[in-house]
Structure formats: C-alpha cells, structure tokens
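Peer 1: The following comprises the amino acid sequence and a computationally predicted model.
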Amino acid sequence: MLNITEIQINHLKEPKGISKNLIIGWKIKSSYQNVLQTGYQFQILGDSSFEQVLYDSGRIESEKSQNLFIDISEICRKSLCYYYVRARIWDNYGEESEWYITCFLTALLKEHSWKADFITAERLRDKIHSPATRLRKEFIVKKTLKHAFLIASAQGLYQTFLNGSRVGNDELTPGWTNYNKRLLYQTYEVTDQLVPGVNTWSALVGAGWYKGDVSYYRIHNFYGDYAAFSGELILRYEDGSEECIFTDGSWKGADSAILFSDIYDGETYDARLEDGKWKENGYSEEGWRETRPTHQRREQLNPQSGSTVRIQERLDVKEVLVTPKGETVLDFGQNISGWVHFHVHGKPGQMVELICFESLDSKGNVYTDNLRTAKQTIQYICNGRGEEEYDPHFTFQGFRYVWVKEYPGEVLANQFQAYALYSDMEKTGDFHCSDPLLEQLQSNIIWGLKGNSVDIPSDCPQRDERLGWTGDVQVFCNTACYLMNMHEFYRKWLCDLASEQREDGAVPHVIPDVLALNQPDHYCGASGWGDVAIVLPWILYQETGDKTVIYQQYESMKAWIDFVQSHVQDGIYSLGAQFGDWLALDGEEGSYHGATPAKFTSAAYFAYASRLFVKMAEAVGHEEDAEKYRTVYDEAIRHFHGRYFLRDGQLSIQTQTAYVLALSFQLVPEQYIERTINRLVELLRQRGMHLSTGFLGTPYIMHVLSENGRIQEAYELLLKKDFPSWLYQVEQGATTVWEHWDGRKPDGSMWSADMNSFNHYAYGAIGKWLYEVCGGLKRDESSPGYRHFYIEPYPGGNLRYAESIHESGYGRIAVRWEKQKNQITLKIEIPANTTATIRLQQTENVLDCGGLIFEKTENMFAADAGSGKYSIRFQRSTDR
Ligand code: BGC
C-alpha cells in the first residue's frame, strides 16, 4: 500500500498568509522496503471538491518529493482565500497512491493594499510609560456570512477579540522584527466568531519591543512613541458580495486595567479597573476618547505564515518552599520562558506580587542578582469579585522559581501554573540513551532551545538582554535544526538580518539591531557572530534541501564575505570589536575573552565561511561567484598556513580552541593532521581531560576528536562530571544549559551576577554530537535534506544503548543501538524515497546483516540501504 501521509507547504502544515511561492514536499509511506517514487502529479485547486483545477502538473516522471517550487502569483489571485494542494505518486513497485489533499490560506495579495490605519489611544504622558490601551468598535454583519477573515498587526503588541472572544491563540503578536523595515501581520479565519447583526471588534495594545525598554541600555521608544493597532476584517457573504471593516478614526479608545507592561519588568494589572463587558455589544463608550492614526509605511507589512509564539506547555508547581529567609517560593522544577497563570480569591485592593527568577542562592534563598535590571515582576490588584484568574499579556519571564511576595490567603500549589511560551515549531528530533545524566543534558538542550525561541533566537530569556545575539545562533543552529522544524522561524530572522546589515556588509551583533544606535562601529562585524549570515542559510539548506533560503540570503552572504575580506591585509584581520572565543576558560582571570587571539578566530572563520559560500554559490548555479570566492578561500587558506603553522608543522597558537577550529574547518595541511590531533589531546590531558574552550571552540571539540579516531577521548570528555564539563552543571541540578561552565561554583557561590544566565543555549551545541555520533544519524552534505544520509553510530563510554530520532521532510528516521557484551544490535528506520549508508566502525564481524549486503574496508563494514526497517547485529573489534 502506497500513501502520502503529509504534505508540507513552505515546510509548514496548512500555512496561513502565503503570498507568492509554494515549496511543496510530501511524506510517503509504504509497506515495502526500498521504495522510491518514480512519478508524481500535483494540482492546485480553488475548492476542496476538486472542481476548479487552477494548476495541474500532469504526471511527471521524477523521484522528487521535496522542495517542488511553484510561483502562484498567476494561479492564486484571491487575497485571504483557501486554496488546496493535492498530490498523488507512483513508485518503483508500480503502485499508485490515492490523492492526498491539504490547504493554505493566502495573504493580502498585491492588488489589495492594506487600507487600515494604525490607530492609537495613547496620550502624551503615555509616551514614556508603558500602559496598555483598549480599542473598540461595533459593526454590522448585514447578510449571511460565508467566510470572514481578520488580519492584524501593531506598533507594539496586540491581542484582538471578536464579541469578547480572543482571535487566534498567538501571543506577543506581531512579534519582533526590524520594525523600521519590516512589520509582520497575522491572518485568522474568524467566521465562527461573528453573528448576524451587531458585533464588536476590540483590541488591547501594549508597548512590547516597539516602545518598551530594549537592551541593557534600557532604551525606551526605540522604534516609536505610541503603541498602535491595525486590522482589517473581510466579510464574505453567501451572495458573493464582500465588505471590509477596518481600524480608522471611528474607533474609540480608553485606558485599560494593564497599568504597566514591559518585556523585562513584567506587568501591573489593577482588576478594579475592569469596567464591564467592553469587548461586547451594547457597552457604553462614555468617557472613551477619540483615536488617532500613527504613521506606518504600508509596504513594510509582510504576512507571517507560521512560527508565531504560543502557550506551548503548562507546568504544575513541584513544590512550595519557604526559604531560610522566610520567602515563599514556588518551584516549577524546570527553567522556562513564559509566565505564571494563577487564581486568587481576595478583597478589593489586595495584591498578588510574583517575582520570577531562575535559581536559589547557596543558602537556598531567592536570588535575582543575575536578572540585572530586569524586574520580572507581576503585580495583580484584586477586584474582590469572587474567584479571579490572571495571565499576563505583553511580557514574558525566564524562570524556574517564583517568589510569592504577596498573596491574599494561603499559597496553594494548585492555584498556580507556569505557562511555557515559545514560537510554534514542530518537534522533529529526540535523543535517548542509558545514562540518566546525558538524558538530563538532552532535556536541558531542548529547554534551552524552547526558552530562547520566543519569536527571535535569543541569547537568554531572563535578564535585561534577551537579544538576537548572532554568535549564539551561529553556534547552536545546527543542533536546533535536529530538534525542531526551525525553517520558518530562522527564515524570518534572516530577513531581518539582511535588512539590518550595514551598507558595507557588516552584520550587527544583535538582530533585530538595538545596540548599534549607541556605537555604530562597535556593534557590528564580529567574526563567529556575523558569520551566522553564512552558516545559518547553509545549515537550513542542509536540513531541508531547500535552495530558496540561499537565493533569499545570497546578497547578504556575499556582502558579509566582502566586508570581512575588505578588512584583511596579508592575512591579518583588523575587524574592530571582536569577541573571539567568548567566555573560554583560558583567558585572563576575570576576562570574558579566551586566550585564542581574535585575529586567529577571524582567520579561521573567514576560511570556513568562504568555503561554505562557494558551495552555496555552486548549488544555485552562480558559477562566476563560485570561481571568484574559491580564489578568496584559497588565499585565506594560504595565509592561514603561512601565519599559523610553524615550520615543523606545529600550530603557533597553543589553545584548545585554536586546534579545534583548525581541524574542524579543514585548515590543517594533510601531513600535519595526526600531530595536530595528538597535540589537542595533549592539551586536554594537561587539564586533566577538561575543556577550556568558549563559544567558538566548544561546538566542534567533540566532533574533532571522534572524526580523528579519538572516540574514547571524546567520551571521556563528554562524561566528565567535575568542572568544567557539560555534566557538572547537570549534577548541580541544571534544567537548562548555563552561560558559564561554572555559573554556580562547586562551593555553591555564583559566577559574577553581571553575566550569569542559567538559560543560554550556546554550550548546548554538544547536542549535534549526541545525535550524529553517539546516536549515529548524520546528514549527507552532498545530498541535502536527507535524500541520502549516514547511519554511523559510535557506541562508547559504557552506554548500554542510545537512539537518535528525526522527523525529516521525507518522514521519520530512527537509529537505535543496544550493546550486550561486545555485540551490538542496531535497529534503524529509513523513510520512503530516501537511502542511507550504514557504516559500522571498529567492527570485526556482522552477525546478522538484516538483509543488507555489507562490505568490509579496513576496520569498517558498510552497506547501502533503501527505505524500510532493519535490524542488524554486529561484533565490535575493540572498545576504542
Ligand atoms: C550575550 C552573549 C553574546 C555576548 C557577546 C552577551 O551579553 O549574552 O551570549 O553572544 O554578549 O558579547
């Protein structure tokens, strides 16, 4: 039986807000092994009863089942309209599948421009404060409705309602972009929320990133002075007529019960100010004021088709504690990004005050110093009208613990829940193994990703920072792509990156860029940070096989390479402010900078980035560029060899990171590889097999060891439990990855509070090694998107089993090995229309080949496999 089990459009399921192109891909299921698609047909339809076929590919003899590109601008011409895609396939067994159908909703298309005003009800005094305001309007649905759609955006953050009920389930919309150039809008179907006759449309608007504080400079009004809302409601009647209601001067506005809301500081809500059913029909607008339009360039509006922030998980209180100082604290057992949802029964004017924080101090008391100036405080003033329930609106907190500073009555666990908020991305990967500490590390990595994916990829979610630090994304994005479907989330951020790039190609340190305002030259152009402009498109391309990201970012990538190149003279990189191997342990006491010179990390990264750019230029057929930048790459290598390799083949910089980058980025001349790896191991041994690497060296150190025959040393390093190591923090009770190897020191004291995040995913980049090497599931660079991949597990470190699971565009890939004495059973699952090469290293004999043909080369057995499930048993030659 041959089936299509899912169709993704632009790597999303049933996306909303599609404007121009479709990238179509489907997953195939069959009861046979070795299934390859031989042909497909897909259609785009104007209705679900297949009467209006707008496009028909006809039967095409092709194996392609991913990344089928189609420009729909001439096919789907109606704004805010559902269109359908259906596909069927044929395979190498002569089977034909049924049609599989899915849909997408178009955005506001070119011919319909955004009519609505951005309206505000804020007053002059609100400019420097951050209250939220209310907006409302009644309107009439005149005839029987067929469909109704709502599109909305804001300068600030909005929640919108129809007849009192919330539209959609997204939070913190319209998200954070470079508002000076791009503002997103969301698209919702709202047919069921409307009634014939009178209806009320309302909205709450808060400051958010637009005018609330951003960055540790606490800049207020970064993008504008007044928070404003804009929306259009398109009513499509049964009789074919259409009407549009939109925000304009006829709306009225008023203050709200949200007296204050700020991304870093939290929210203050006075429930006594709730004045009845303002979101519903018939409410008296007495005392409400006129609204006025603000300025917004309509062409900056772009539809968002996925990855909006949502409440994704709800966590119960694990324990209610009373600290030695007498503070009442809720422990949710997990460090998250989100907010506290609570119930309270109080008298009018009584207060709930909650302070969210990450860690208790060494004595077990509340510790908020590492939040720096971020207050992370929720204040709720009761109205006393019975049971009250609260969710913050326009803020989020990074926390595991909550200090209940004030609360009327007894603090009971069941009155509180922690809501984890993060961008909506399908979970696509997992890793498990027999070591509980590694299991916890994996959980910490996943929670690090969740907590730092609140609309933008951030460095941390708790202190007065929470910025899109480019370096952090650069080192972690590969691991992230194994764990979640990051495509839309990263694509959005890359658009902002390109829009924020300086004329000379320099990439700001944070995207959206809120730092350069202070010191333009200081806040851009760092190696390893700006290189995200190249590395991220490359990783996305590797993960999905979709070249559109390369096309989208092409000019940005080229500009970055040109920028760096313009700062090199005879192999010496003079790039201005650099972070180098940030937070490495081999730097001077108290310094954030590691010992590896920034000129070295710049040289290494430049060679790496230009090599990747050449590959991407080739992938999209830009031969001339490929040629030109190959010369740039060759030159970079020549200079690197000349500057950093001594005559005897020794690297002139004696740090772990220097060795790691040179090996990982293929910068070591062939004849010196062995001595280089030997020396790296020596450097590790000098530190008792501990690492001293920072942001730039850490992601690669394990790979460098395992790729160069040092798997035993890799496991030794991985399984270290004393400082500095990945498992040190796990043993210290971490539930997310820490910014510092010793965020909390063995004696319980803390690293300096000025930079001590307990939710910083950079060192979680070890995840990639767990999935690829320990679990054994690895992409094939020459066949992006998992069309072909490798299964090459490296059992070791006394692990009894390990497994890597990944939901690729083609379907589920699973690898699990289990060890009994020196025999290993390997169970694998390969999705239809893909192939894999299985490589069994250090193997003496394959005892059960699972129907595959293994060939022996030196110490390895290898077999090619088509789709299906296999169970293989083999005997290891050595435990190395
Ligand atoms: C951030 C980092 C970032 C670094 C660069 C820090 O404040 O939290 O993760 O990459 O600055 O200097």
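Peer 2: Cool, the structure landed.

Peer 1: Contact distance from the ligand - what residues of the chain qualify?
Peer 2: Asp459, Cys460, Glu465, Trp469, Gly471, Asp472, Phe579, Trp582, Met755, His760 (Cβ under 6 Å from any ligand atom). Backbone N, C-alpha and C define where each C-beta goes, glycine included.

Peer 1: what helix or strand is the first one on?
Peer 2: Secondary structure assigned from DSSP states H and E places Asp459 in neither a helix nor a strand.

Peer 1: show me the contacts for it.
Peer 2: Asn452, Glu465, Arg466, Leu467, Gly468, Trp469, Asp472, Ser757, His760, Ala762 (Cβ atoms under 8 Å, 6 or more residues apart in numbering).

Peer 1: same question, Leu719
Peer 2: Contacts of Leu719 (Cβ under 8 Å, 6+ apart): Asp435, Leu437, Leu438, Leu727, Gly797, Asn798.

Peer 1: Can you tell me the SS state at the third one?
Peer 2: Put plainly, it is Leu438. helix (DSSP: H, G, I helix; E, B strand; the rest coil).

Peer 1: Roughly how far does it sit from the ligand?
Peer 2: 24 Å (Cβ to the nearest ligand atom, to the nearest Å).

Peer 1: what's the neighbour count on that residue?
Peer 2: One way to gauge burial is a neighbour count; for Leu438, by other Cβ atoms under 10 Å, it gives 23.

Peer 1: What is the neighbour count of the residue lying closest to Asp459 once chain neighbours are set aside?
Peer 2: Leaving out its chain neighbours, the residue that sits closest to Asp459 by Cβ to Cβ, 6 or more residues apart in numbering is Trp469, at 4.1 Å. Trp469 is flanked by 26 other residues according to other Cβ under 10 Å.

Peer 1: What of the one 4 residues further on?
Peer 2: Taking other Cβ under 10 Å as the criterion, the count of residues near Val473 is 27.

Peer 1: so what's the closest residue to it other than its chain neighbours up against?
Peer 2: Computed as Cβ to Cβ, 6+ apart, the closest residue to Val473 that is not its neighbour in sequence is Pro457, at 4.6 Å. Pro457 makes contact with Gly468, Asp472, Val473, Phe476, Cys477, Ala480, Phe489, Tyr490, Trp493 under the criterion Cβ under 8 Å, 6+ apart.

Peer 1: For the ligand, state which of the contacts of Asp459 is nearest.
Peer 2: Trp469 (3.8 Å; Cβ to the nearest ligand atom).

Peer 1: Pull up the per-residue confidence for that closest one.
Peer 2: With respect to pLDDT, Trp469 scores 97.

Peer 1: Would you check that the residue nearest to Asp459 makes contact with Gly528?
Peer 2: No. The criterion here is Cβ atoms under 8 Å, and Trp469 misses it with Gly528 at 11.0 Å.

Peer 1: Which of the three states applies to Arg647?
Peer 2: With three-state DSSP as the criterion, Arg647 reads coil.

Peer 1: Next, count neighbours for it.
Peer 2: There are 5 residues near Arg647, going by other Cβ under 10 Å.

Peer 1: Can you check what pLDDT the model gives it?
Peer 2: 85.

Peer 1: need the strands for the stretch 1-150 of the chain, in chain order.
Peer 2: 2-9, 16-18, 21-30, 37-45, 53-56, 60-61, 68-71, 82-91, 100-106, 118-120, 133-141, 145-155 (DSSP state E, counting those that start in this stretch).

Peer 1: Now the two most distant members of the residues of the chain next to the ligand.
Peer 2: Cys460 and Phe579 (15.5 Å; Cβ to Cβ).

Peer 1: Looking at the two, which is more packed in?
Peer 2: Neighbours per residue (other Cβ under 10 Å) separate Cys460 from Phe579, with Cys460 holding more: 27 against 21.

Peer 1: pretty sure the more buried one contacts Asn452?
Peer 2: Yes. If you go by Cβ under 8 Å, Cys460 and Asn452 touch, sitting 6.9 Å apart.

Peer 1: Are there residues contacting both of those two? Which ones?
Peer 2: The contact lists of Cys460 and Asn452 share Asn759, His760, where a contact means Cβ under 8 Å, 6+ apart.

Peer 1: tell me the SS of the spatially most distant residue from the centre of the chain?
Peer 2: Ranking residues of the chain by C-alpha distance from their mean position (Cα atoms, centre = their mean) puts Glu286 at the top, at 45.1 Å. With three-state DSSP as the basis, Glu286 sits in coil.

Peer 1: Buried residues, stretch 414-434. List them.
Peer 2: Neighbour-count burial for stretch 414-434, counted by 16 or more other Cβ atoms under 10 Å, picks out 415-425, 428-433.

Peer 1: Just the terminal-to-terminal distance for that stretch.
Peer 2: 34 Å (Cα to Cα, to the nearest Å).

Peer 1: Kindly report the same for stretch 236-256.
Peer 2: Rule used - Cα to Cα; the end-to-end distance of stretch 236-256 is 32 Å.

Peer 1: now stretch 764-778
Peer 2: Note: stretch 764-778 ends 18 Å apart using Cα to Cα.

Peer 1: Quick check: neighbours of the helix-or-strand element of the chain with minimal mean pLDDT in the sheet, parallel or antiparallel?
Peer 2: Lowest on mean pLDDT, DSSP states H and E among the helices and strands of the chain sits strand 572-573, with a mean of 84. Strand pairing for strand 572-573, determined by DSSP bridges: strand 568-569 (antiparallel).

Peer 1: Residue of the stretch 501-650 of the chain closest to the ligand, please.
Peer 2: Phe579 (4.7 Å).
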